[in-house]
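Engineer: what follows is a predicted protein model with its sequence.
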Amino acid sequence: MRSICVFCGSSPGNRPEYVGLARDAGRLIAERQLTLIYGGGKVGLMGALADAALAAGGRVIGIIPQMLLEREVAHRGLTDLRIVSTLSERKFMMGVLSDAFLSLPGGIGTLDELFEAWSWAQLGLHKKPSGLLNFQGYYDHLVQFLDLTLSEGFQRPEHRAALQVGTEVGPLLDQLIAASQSTAPK
Ligand code: AMP
């Protein structure tokens, strides 16, 4: 696995622990020699993530739509910043450039991105693993709901298993690396 796409909040959250988590994620990704692919913004958890990966010597590629250049304050210190036309084009390019997806805490933009990447796998459009970081219980309710989609017969166990849920960034990254190796074309 060479690259990982991280989805996370364009807000910092109400507790400093969230920014600390984003910084840890950026550093741990760089330490694993993975290229970080993300939304290209300098604000919120997104900015903290990218700054930490760069500070640890990592490669960071940001992909931002023209309409968000000012709102999300495009990060001008990245290895590469790609400006695209639409949100859909951003998600598509993030998917093409990445070998796995990791979602940290965030709002509805993060949820949209998580579900789109995961549902592409369900449809067989790619075999890249997705991870959800359930940091300090932030996603407890979502994980419970996802179990309901299984028990009520709206999702198959093998598709549910394609989303790995973890509580710590390092071990979850290592699970995604292992999953990516087991599905990579031989
Ligand atoms: P949020 O989690 O809402 O702070 O958003 C995280 C990222 O998702 C930001 O870069 C947003 O620009 C992006 N985003 C927000 N809404 C959407 C959407 N409908 N589709 C794709 N990305 C979005």
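Structural biologist: That came through, no problem. Here the structure is a predicted model, which means the values were calculated and not measured. Numbering: from 1, shown residues only.
Engineer: how close does the closest residue to the ligand within the chain get to residue 34?
Structural biologist: Using CB to the nearest ligand atom, the closest approach of the chain to the ligand is made by residue 109 at 2.3 Å. (Glycine included, C-beta is placed from N, CA and C.) Distance of residue 109 to residue 34, computed by CB to CB, to the nearest Å: 22 Å.
Engineer: more crowded one of these two?
Structural biologist: Ranked by neighbour count (other CB atoms under 10 Å), residue 109 and residue 34 place residue 34 first, with 23 against 18.
Engineer: what distance do you get for residue 16 to residue 98?
Structural biologist: In terms of CB to CB, residue 16 sits 28 Å off from residue 98.
Engineer: so what's residue 162 up against?
Structural biologist: Taking CB atoms under 8 Å, 6 or more residues apart in numbering as the criterion, residue 162 is in contact with 118, 121-122, 129-130.
Engineer: ugh, wrong one, residue 157
Structural biologist: Neighbour list for residue 157: residue 150 [criterion: CB under 8 Å, 6+ apart].
Engineer: any of the contacts of residue 162 buried? List them.
Structural biologist: Among the contacts of residue 162, those classed as buried by 16 or more other CB atoms under 10 Å are 118, 121, 129-130.
Engineer: okay, these in CSV with distance to residue 4 next?
Structural biologist: As requested, the buried ones among the contacts of residue 162 are exported to CSV (distance: CB to CB, whole Å):
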residue, distance to residue 4
118, 15
121, 15
129, 10
130, 11
